[in-house]
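> using only what follows, build the 3D model:
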Amino acid sequence: MKKTVLIIGGGVGGLVCGAILAKEGYSVRILEKHTVIGGGLHTFKRNGVEFETGIHVISGFQPNGVLRQLFTYLGVFHKLHIKPANHEGFDHFSIAADGQTYKMAIGRENFIATLSANFPEESENIRRYIDRVYEISNNIALYNLRMPSANIFSGMEVMTMSINELIASYTSNPRLQAVLAWNNPLYGGEKDKTPAYVGAMITQFYIEGASRFVDGTQQLADALVEMIEQNGGEVITGNGAHFIDIKDRRIEKVIAENGQEFTADHYISAIHTSSMFQLMDVTKIQKSYYQRIDSIPNSYSTFSVYVIFKPQSFPYLNYTGYYTQDYDWVWKCAEYTSESFPHGCMYITPPITDNDVFAQKMIVNTVMNFDTVRQWENTVTGRRGEEYQAFKKDCENRVLDVMEKIFPGFRSKIDKVFSSSPLTIRDYYGTKEGANYGTKHDCNNMSASHVLIRTKLENLLLTGQCVNLHGILGVPLTALLTCGELLGLEQLLNKIKNATQ
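Numbers count the residues shown, from 1 in each chain. Presented below is the predicted three-dimensional model:
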């Protein structure tokens, strides 16, 4: 008889876990509270135009890329429509103060050469830093589909060094330090806290193969669901977990929102850890365990502006744009005031089939702390009141003012525009305080801010962005670790590698 597993949450982590376990012979059932599956992969339509909600830029799908190997093993890679970003500048980092724009090129040598052209006197330091970035990434076993050591914190000083410290150890030029941290908002980087390995691995990840999904990220979620169902699994949407019943340090059953009860041999929580604890009687789990995890600070959130362009009015940009007021603000994007919001933004024109000339739409993301919208935290979507709507419209206009500075005449190209706040992220993703990147990692106290896959409940495992690392890279890698607890990690990694040989 097949072993059974119930997965709470149908985001990237839950779907990848479900696909792996279904492929390996488990009877899989996923409970997802939303009517649309996918979490950060989920897309929505407004005025007939499809927008992504979370994951906008990707990598790892180039030959020998870690995600290409994983999704080839799962039999879904060939279903994905992926477009490489501009080879000579997959990211553009622009500074308002001096009007400079720096291009980040694909490929190790190309990246070094392109950035060295901006800082010729720092070319050797740039090379030394990127060499170190690659060395760090090559030493992270799971990222290279190798078995990690028993203690993931051993032997790597970059676990207890911040990313800004790592950068500063290779150059004293403050402008170059900021430029090397250009993608800080992409992973919720925080000065003096975000571990060096996080920034290094994500930087190397995108240098090697920055790309995008054509026609939206929902395609990956749908492909994983199809694979799960073809292997006898079940994905249930619009009926999330309501209560997790615990007895003698084990989950006895999960009661869904419609009252239906589910039992399984194993359970995996793929939702934010705080959201998971809200489904439990926490007096039945170890108090120190619950309090430690629930007290880990959350990463910042996002205010997003969604633009639909007039036909053939705005060019398609095959790069991701980062814009900030000044160099040192790259570390201060979350330190705005009500008057100074926003300090900067990240913008992207998602690709659609058969149109490489003009953009159909744009997504502009700006960092926003949950405290900015806390006064409305007890409201629900569509019923937040006129004051909130006025606040949101003001923020939307401020973001458009920034875009007008980057692209003069920007507003004249717009057909429709709308926006979302951290409250939207909280309500639709179920993340505490609308945290974009789950809980924070703190290099000053890694053991306190690290969440283990195994829990104090014998038959419950964790996955998702609160464990290890977030995003299109971190969450699938964490899913490998989670499934490895049931299947044997070394055996699983060998199967993935063999699938592409």
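> just checking, next helix/strand downstream of the lengthiest helix in the chain?
In the chain, with assignment by DSSP state H, the single longest helix is helix 386-406. Once helix 386-406 ends, the next helix or strand along the chain (criterion: DSSP states H and E) is strand 414-420.
> just checking: what are the partner strands of that following strand?
strand 301-309 (antiparallel) (DSSP bridges).
> quick one on the thing from earlier: now the longest helix of the chain against strand 414-420, angle please.
With axes from the mean of the first three to the mean of the last three C-alpha atoms, to 10 degrees applied, the angle from helix 386-406 to strand 414-420 works out at 130 degrees.
> who's in contact with helix 386-406?
94, 96, 303, 305, 321, 323, 341-342, 344-345, 347, 364, 366, 368, 373, 376, 379, 410-411, 414, 417-419, 421 (C-beta atoms under 8 Å, 6 or more residues apart in numbering). The C-beta positions use only the backbone N, C-alpha and C, and glycine is treated the same way.
> which parts of the helix or strand of the chain with the lowest mean pLDDT are buried?
Every helix and strand in the chain was compared by mean pLDDT, DSSP states H and E; the lowest is helix 446-449, with a mean of 75. For helix 446-449, the neighbour count (16 or more other C-beta atoms under 10 Å) marks Ser449 as buried.
> likewise stretch 167-178?
By neighbour count with 16+ other C-beta under 10 Å, stretch 167-178 contains the buried residues 167, 170-171, 173, 175-178.
> cool, stretch 57-76 as well?
57-62, 65-76.
> number of nearby residues for Val380?
9 (other C-beta atoms under 10 Å).
> for it, which non-adjacent residue is closest in space?
Sequence neighbours aside, Asp427 is the residue nearest to Val380 in space, at 7.0 Å (criterion: C-beta to C-beta, 6 or more residues apart in numbering).
> the one you found: which element?
helix 422-429.
> what residues sit buried inside that helix?
Neighbour-count burial for helix 422-429 [16+ other C-beta under 10 Å]: 422-426, 428-429.
> hmm, who's touching that helix?
Under C-beta under 8 Å, 6+ apart, the answer for helix 422-429 is 11, 34, 39-40, 53-54, 272, 301-304, 368-370, 372-373, 376-377, 379-381, 384, 431-436.
> what's the angle between it and strand 414-420?
80 degrees.
> switch to numbering from 43
Done: numbering now begins at 43, and the last item shifts to helix 464-471.
> return helix 464-471 as CSV; C-alpha atoms alone will do.
Output of helix 464-471 as CSV, limited to C-alpha atoms (Å, rounded to 0.1, in the frame of the first residue of the first chain):
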residue,chain,number,x,y,z
PRO,A,464,1.3,44.4,1.8
LEU,A,465,-2.3,43.7,2.9
THR,A,466,-2.9,42.0,-0.4
ILE,A,467,0.1,39.8,0.0
ARG,A,468,-0.9,38.9,3.5
ASP,A,469,-4.4,38.0,2.5
TYR,A,470,-3.6,36.1,-0.7
TYR,A,471,-0.4,34.4,0.3
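> report the separation between the nearest residue to Thr423 once chain neighbours are set aside and Asp398.
Closest residue to Thr423 apart from its sequence neighbours, by C-beta to C-beta, 6+ apart: Asp469 at 5.7 Å. Per C-beta to C-beta, to the nearest Å, Asp469 is found 35 Å from Asp398.
> any chance of TSV for the buried residues of stretch 209-220, columns pLDDT, secondary structure and distance to Tyr144?
Listed next are these as TSV, based on pLDDT from 0 to 100; DSSP: H, G, I helix; E, B strand; the rest coil; distance: C-beta to C-beta, whole Å:
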residue	pLDDT	secondary structure	distance to Tyr144
Ile209	97	helix	14
Tyr212	98	coil	17
Thr213	98	coil	14
Asn215	98	coil	13
Arg217	97	helix	9
Leu218	98	helix	10
Gln219	97	helix	13
Ala220	97	helix	10
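> between these, which is closest to Glu303?
Ile209 (52.0 Å; C-beta to C-beta).
> which residues touch that closest one?
By C-beta under 8 Å, 6+ apart, the residues touching Ile209 are 171, 219, 222-223.
> out of the residues you listed, who's the most crowded?
Neighbour counts for the contacts of Ile209 peak at Leu222, which has 31 neighbours (criterion: other C-beta under 10 Å).
> in the stretch 193-342 of the chain, which spans are strands?
For the stretch 193-342 of the chain, the strands defined by DSSP state E, counting those that start in this stretch occupy 253-255, 276-279, 283-289, 292-298, 303-304, 308-311.
> what are the contacting residues of the first one?
By that I understand strand 253-255. 94, 98-101, 103-104, 122-127, 261-262, 390, 392-393.
> mind giving me the PyMOL command for buried ones among these?
To isolate the buried members of the contacts of strand 253-255 in PyMOL, using 16+ other C-beta under 10 Å:
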select buried, resi 94+98+99+100+101+103+104+122+124+125+127+261+262+390+392+393
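> point out the ones among the contacts of strand 253-255 that are inside strands.
The strands, defined by DSSP state E, take in 94, 124-126, 390 from the contacts of strand 253-255.
> reformat those as CSV; add distance to Lys289 and pLDDT.
Listed next are the ones in strands among the contacts of strand 253-255 as CSV, based on distance: C-beta to C-beta, whole Å; pLDDT from 0 to 100:
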residue, distance to Lys289, pLDDT
Glu94, 41, 93
Ile124, 46, 96
Lys125, 50, 96
Pro126, 52, 96
Ile390, 48, 97
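> just give me the closest of those to Ile286.
For these, the residue nearest Ile286 by C-beta to C-beta is Glu94; the value is 30.5 Å.
> what is that closest one paired to in the beta sheet?
Here Glu94, judged by DSSP bridges, has bridge partners Thr85.
> ok, it to Ile168 distance?
Separation of Glu94 from Ile168 (C-beta to C-beta) stands at 32 Å.
> Gly476 now?
Note on Gly476: its distance to Ile168, by C-beta to C-beta, is 36 Å.
> more neighbours, the two?
Gly476 (27 against 24).
> wait, what's in contact with that one?
Contact analysis of Gly476 by C-beta under 8 Å, 6+ apart lists 343-344, 412, 463-468.
> report pLDDT for Ile335.
Looking at Ile335, its pLDDT is 88.
> might one say that it is in contact with Val493?
Yes: counting by C-beta atoms under 8 Å, Ile335 sits close enough to Val493 to count as a contact (5.9 Å).
> need the overlap of contacts for the two.
Thr315.
> in terms of neighbours, single out the busier of these two.
When Ile335 and Val493 are compared for neighbours, Ile335 comes out ahead with 22 against 18, by other C-beta under 10 Å.
> return the distance of Val91 relative to Phe400.
13 Å.
> my bad, Ser355
Taking C-beta to C-beta, one finds Ser355 at 7 Å from Phe400.
> before we move on, what about Arg496?
To Phe400, Arg496 is 50 Å away according to C-beta to C-beta.
> out of those two, which sits in the busier spot?
Set Arg496 next to Phe400 and count neighbours by other C-beta under 10 Å: Phe400 wins out with 15 against 12.
> which residues are in contact with the more buried one?
351, 353-358.
> who touches stretch 362-376?
Contacts of stretch 362-376 (C-beta under 8 Å, 6+ apart): 98-99, 127, 132-139, 206, 216-217, 220-221, 223-227, 231-233, 252, 342, 384-390, 409, 411, 444, 448.
> wait, I meant stretch 289-296
Counting by C-beta under 8 Å, 6+ apart, 48, 50, 73, 283, 285-288, 303-305, 309, 326-327, 498-502 sit against stretch 289-296.
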